[in-house]
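Chemist: here's my sequence, what's the structure:
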Amino acid sequence: MTFTPELPLRTTEMVTLATCEERWRRRYLLGTHEEPSQAMGKGTLWHAVWDEWWVQEDGYRGITESNILARIPDEKQENITDQAWDDVRWMIRRYDQWRGGSYLATDWRVIDQEVEWEADIGGVLFQGRVDDVRVHLPTNQVYVGECKTMIDWRRLDILEVDPQVSNYVRLAQANGYPGCVGVMYDAAKTYRWKRDEHPPSDSFRELTILRDTPQLEAAQVQVQIAATRRAQIATSNRAIANISANTCMGCSFRGDCWEDLAFPEEPVEWVE
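Modeler: Numbering: from 1, shown residues only. All right, here's what the predicted structure looks like:
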């Protein structure tokens, strides 16, 4: 699909744009294919298992491989290795233990899953997909549920100021859940997917983040800025590359990008 400024702005696209404009240019403007990594395959599998756990009253014991595969598109199943299956089976047992053996032991009930939403946010057609919608039983409040895998908990620390949290809430409120108050993050440490011994509580965290009207309005401004900036990049075909260890490490464009941006070397003249 050829990019045009009228195309809807997606939550994932906005994150890519904020992380590295050059990666956005290659992915969305040039349409360059990104080869999926093993980590992406494992993440896809973990999300499917996580989704299935939240609808099984018997916890991980009620999860079947066929149900998991039914949640994953065929083209993504090719990227899931036997090692990923082994790691996720091991991890879901620990998650099940941490959660008390079933979603019935938690304060949450999932009422919708894998939802695709669209809404007008400040004049920008905005789209996003969320893992689920859930109710917090003690307060009877609605939240968006998001599963996150990460190396450590530092990513959780910045979610309080992340516009994506507000965007999820805005999308929910505009698509049948006007009472949505925030996002519940179910987080797992990926570096713990090794066979070291540790308490299950060290591998998982639950974090709820509320949003109020001023925060939603501030996020709307970020959406408008992102829409304007991507139009500028599309018009000029020039973007700012965020060269850093954090953004480049998992980018499949890294090699070509570095080569394109490298300074030319001056020829060396040897003198006798």
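
Chemist: pLDDT of stretch 28-46, averaged?
Modeler: Mean pLDDT, computed over stretch 28-46, is 80.

Chemist: so how far is it off the chain centroid?
Modeler: When C-alpha coordinates are averaged (CA atoms, centre = their mean, to the nearest Å), stretch 28-46 and its chain have centres 12 Å apart.

Chemist: try stretch 209-224
Modeler: 19 Å.

Chemist: now residue 6: closest residue in space, sequence neighbours ignored.
Modeler: Excluding the flanking residues, the one nearest residue 6 by CB to CB, 6 or more residues apart in numbering is residue 125, at 7.9 Å. C-betas here are computed from N, CA, C, even on glycine.

Chemist: do the same with residue 239
Modeler: Residue 239's closest residue in space is residue 21 (CB to CB, 6+ apart), at 3.7 Å.

Chemist: could you check the pLDDT of the one you found?
Modeler: 94.

Chemist: same check, this time on the one 3 residues further on
Modeler: In this prediction, residue 24 carries a pLDDT score of 94.

Chemist: repeat that for residue 253.
Modeler: pLDDT recorded at residue 253 is 87.

Chemist: what is the neighbour count of it?
Modeler: Residues lying near residue 253 (other CB atoms under 10 Å) number 20.

Chemist: over to the one 4 residues further on?
Modeler: Using other CB under 10 Å, residue 257 is surrounded by 19 other residues.

Chemist: mind checking which helix or strand it is in?
Modeler: helix 254-261 (DSSP states H and E).

Chemist: show me what counts as buried in that helix.
Modeler: residue 257 (16 or more other CB atoms under 10 Å).

Chemist: again, but for stretch 181-191
Modeler: Buried residues in stretch 181-191 (16+ other CB under 10 Å): 181-190.

Chemist: which secondary structure elements does the helix holding residue 257 contact?
Modeler: Applying 3 or more CB pairs under 8 Å, 6 or more residues apart in numbering; DSSP states H and E, one finds that helix 254-261 contacts helix 21-24, helix 245-248.

Chemist: give me the residues contacting the first one.
Modeler: Going back to what we said before, that points to helix 21-24. Applying CB atoms under 8 Å, 6 or more residues apart in numbering, the contact partners of helix 21-24 are 13, 16-17, 229-230, 233, 239-242, 247, 251, 253, 257, 261.

Chemist: quick one: list the elements packing against the longest helix that the chain contains.
Modeler: For the chain, the longest helix by residue count, based on DSSP state H, is helix 213-236. With contacts taken as 3+ CB pairs under 8 Å, 6+ apart, helix 213-236 sits against strand 9-10, helix 11-19, helix 21-24, strand 124-136, helix 163-174.

Chemist: okay, the ones you listed in a markdown table with distance to residue 211 next?
Modeler: Listed next are those as a markdown table, based on distance: least, CB to CB, whole Å:
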| stretch | distance to residue 211 |
| --- | --- |
| strand 9-10 | 19 |
| helix 11-19 | 15 |
| helix 21-24 | 25 |
| strand 124-136 | 14 |
| helix 163-174 | 5 |
